[in-house]
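fold the following for me, if possible:
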Amino acid sequence: MPGKIYSVDQESTTALLKQARIEAKLTQAQVADKLGVTQSYVSKVESGQTRIDVTSLKEFARIYKKQVGWFLQWWLQKTTWEIKSE
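All right, here's what the predicted structure looks like:
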């Protein structure tokens, strides 16, 4: 898939974004409407074709009723493990 971001950290975060949307029982179109963006944008974020910044992550978290840290859980666990192993 052209343009896909090949980063384990990014893929983990985007997988959690999709999981949170599904848990919130929202479609990509509903999320797009709440964010004021297109459904295509939400799809590209979830597939890793588009990166988001922390401000956008906060908006997704608000819509999904999650803490921002919930989306960073994999990265935080990995980082803690790396610090302990050094």
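
pretty sure Glu59 contacts Ala32?
No - contact criterion Cβ atoms under 8 Å: Glu59 and Ala32 do not qualify, at 11.6 Å. Yep, even glycine has a C-beta here, placed from its N, CA and C like the rest.

pull up the overlap in contacts between these two.
Residues touching both Glu59 and Ala32 (Cβ atoms under 8 Å, 6 or more residues apart in numbering): none.

so who does Gln73 touch?
Leu16.

what of Thr13?
Per Cβ under 8 Å, 6+ apart, neighbours of Thr13: 71-72, 74-75.

with Glu46 instead?
Neighbouring residues of Glu46 by Cβ under 8 Å, 6+ apart: 14, 17-18, 21, 28.

equivalent analysis for Phe60, please.
17, 20, 31, 35, 45, 52, 71.

of the contacts of Thr13, just the buried ones, ChimeraX syntax please.
Listed next is the ChimeraX selection for buried residues among the contacts of Thr13, using 16 or more other Cβ atoms under 10 Å:
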select :71,72,75
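
can I get the contacts of Thr13 in CSV with secondary structure, pLDDT and distance to Tyr41?
Below are these laid out as CSV (DSSP: H, G, I helix; E, B strand; the rest coil; pLDDT from 0 to 100; distance: Cβ to Cβ, whole Å):
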residue, secondary structure, pLDDT, distance to Tyr41
Phe71, helix, 88, 17
Leu72, coil, 83, 21
Trp74, helix, 72, 23
Trp75, helix, 72, 23
